[in-house]
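Undergrad: Return atomic coordinates for the entry below.
(2 chains)
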2 protein chains.
Amino acid sequence: MNAVDFMTREVVVLRYGHRIVRDERVTSHVCLVARAFGAKKIIVAGDEDKSTKESVQDIVKRWGGNFKVEFSESWKKTMKSYQKKGFKAVHATMYGLELNKAETKLKKINKILLVIGSQKVEKEVYQLADYNISVGLQPHSEIAALAVVLDRLFEGKELEKKFKGKVRIEPQAKGKKVIKN
Amino acid sequence: MNAVDFMTREVVVLRYGHRIVRDERVTSHVCLVARAFGAKKIIVAGDEDKSTKESVQDIVKRWGGNFKVEFSESWKKTMKSYQKKGFKAVHATMYGLELNKAETKLKKINKILLVIGSQKVEKEVYQLADYNISVGLQPHSEIAALAVVLDRLFEGKELEKKFKGKVRIEPQAKGKKVIKN
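TA: Residues are numbered from 1 along each chain as shown, chains lettered A, B, ... in the order given. Below is the predicted model:
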């Protein structure tokens, strides 16, 4: 994959399910992973939660980039409207087709709505998704699944993305070095 | 990497920090990711938490494998004792050397103690670690960092590991299929 492919591939994450308080920390992780691993936007289909949104926006302000957080009252409307706009809905689930086998096909898609579930996902999500993809056939974490799918899609190049924020990190063998831009 | 390398490489995860209630869900994700992505054991250095331990053990019983969960009162003692046993301590942190550059070197290590932090990690962790590795120089999630490091170390083969549990999943294009063994 060359730099042009990385710039032109568009990934929007749809987080299926969010409950205020109970899911705040996991949803925050999902949002930050989406941003750090090259997605352009996350849409959270669940309780509208200003505090989670603001904490992610604070990170964007400080660390840079154009990452957006939105809420949706209906995952189904969001999925269908993105599909109409030419996105393929890729649902990460432990029950789907194996990532190692599906990867080549996924990389040919330019616009992906990456659907990340929570505890319990309705049957209809599986039906409406264009692809149901499993990141291992074992129970683990939607945060991990999201990171690995994005890392595979972008072939690791997403970790080298420049964000142009107020601060940046200079990698260190020992300790921390944060630089003000 | 061939099958022998995958079988002989030993990864133990050290989770730095755990607080009962507050961290239960994130630590559970960390444990399940460690298991699903090919680590042999996790050691949680923090509050001893029977409920988290039992819920992970229940998953192991049902889904298979020999994954172990232990607690430690001191991350430092654990790190030093593993280093004495020939393990290299690899600490995943947003401040460390970039994974894309360090990956080749990491793959040459046969015994890895993979240290995964929480909110705030003491300076001494950086000093005692043999390698401090960053999975992107942006704030995100220790769960994501763990998954991506393991996926890179095992070159994706960990997702094809057979666990031999009471149940297994047969991958489906649509829907779910769980088979009793």
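Undergrad: the strands in chain A, which residues?
TA: A:10-16, A:41-45, A:68-72, A:88-98, A:111-116, A:131-134, A:167-169, A:178-180 (DSSP state E).
Undergrad: what's the offset of the third one from the middle of its chain?
TA: To tie it back to what came earlier, the one meant is strand A:68-72. 12 Å (CA atoms, centre = their mean, to the nearest Å).
Undergrad: What of the second one?
TA: Distance of strand A:41-45 from its chain centroid, counting by CA atoms, centre = their mean, is 9 Å.
Undergrad: returning to that earlier point: how about a markdown table for the strands of chain A, with distance to chain B and mean neighbour count added?
TA: Where C-beta positions appear, they are placed from N, C-alpha and C, glycine not excepted. Shown next, in a markdown table, are the strands of chain A (distance: least, CB to the nearest CB, whole Å; neighbours: other CB atoms under 10 Å in any protein chain shown):
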| stretch | distance to chain B | mean neighbour count |
| --- | --- | --- |
| strand A:10-16 | 13 | 23 |
| strand A:41-45 | 12 | 23 |
| strand A:68-72 | 14 | 18 |
| strand A:88-98 | 4 | 21 |
| strand A:111-116 | 12 | 24 |
| strand A:131-134 | 6 | 24 |
| strand A:167-169 | 4 | 16 |
| strand A:178-180 | 8 | 9 |
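Undergrad: Same list (the ones you listed) but as a markdown table, adding distance to B:Gln57.
TA: A markdown table is the format used below for the strands of chain A (distance: least, CB to CB, whole Å):
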| stretch | distance to B:Gln57 |
| --- | --- |
| strand A:10-16 | 28 |
| strand A:41-45 | 32 |
| strand A:68-72 | 36 |
| strand A:88-98 | 19 |
| strand A:111-116 | 26 |
| strand A:131-134 | 23 |
| strand A:167-169 | 37 |
| strand A:178-180 | 40 |
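Undergrad: and B:Thr78, which of those is closest to it?
TA: The closest of these to B:Thr78 is strand A:167-169. By CB to CB, the value is 27.0 Å.
Undergrad: In its sheet, which strands sit next to the closest one, and in what direction?
TA: Sheet partners assigned to strand A:167-169 using DSSP bridges are listed as strand A:178-180 (antiparallel).
Undergrad: give me every residue that touches the most centrally placed residue in chain A.
TA: Centroid-nearest residue in chain A, with CA atoms, centre = their mean: A:Ala34, separated by 3.4 Å. Residues near A:Ala34 by CB atoms under 8 Å, 6 or more residues apart in numbering or on different chains: A:Val13, A:Lys41, A:Ile42, A:Phe67, A:Leu146, A:Leu150.
Undergrad: got it, and A:Arg62?
TA: So A:Arg62 contacts A:Gly165, A:Lys166, A:Val167 (CB under 8 Å, 6+ apart).
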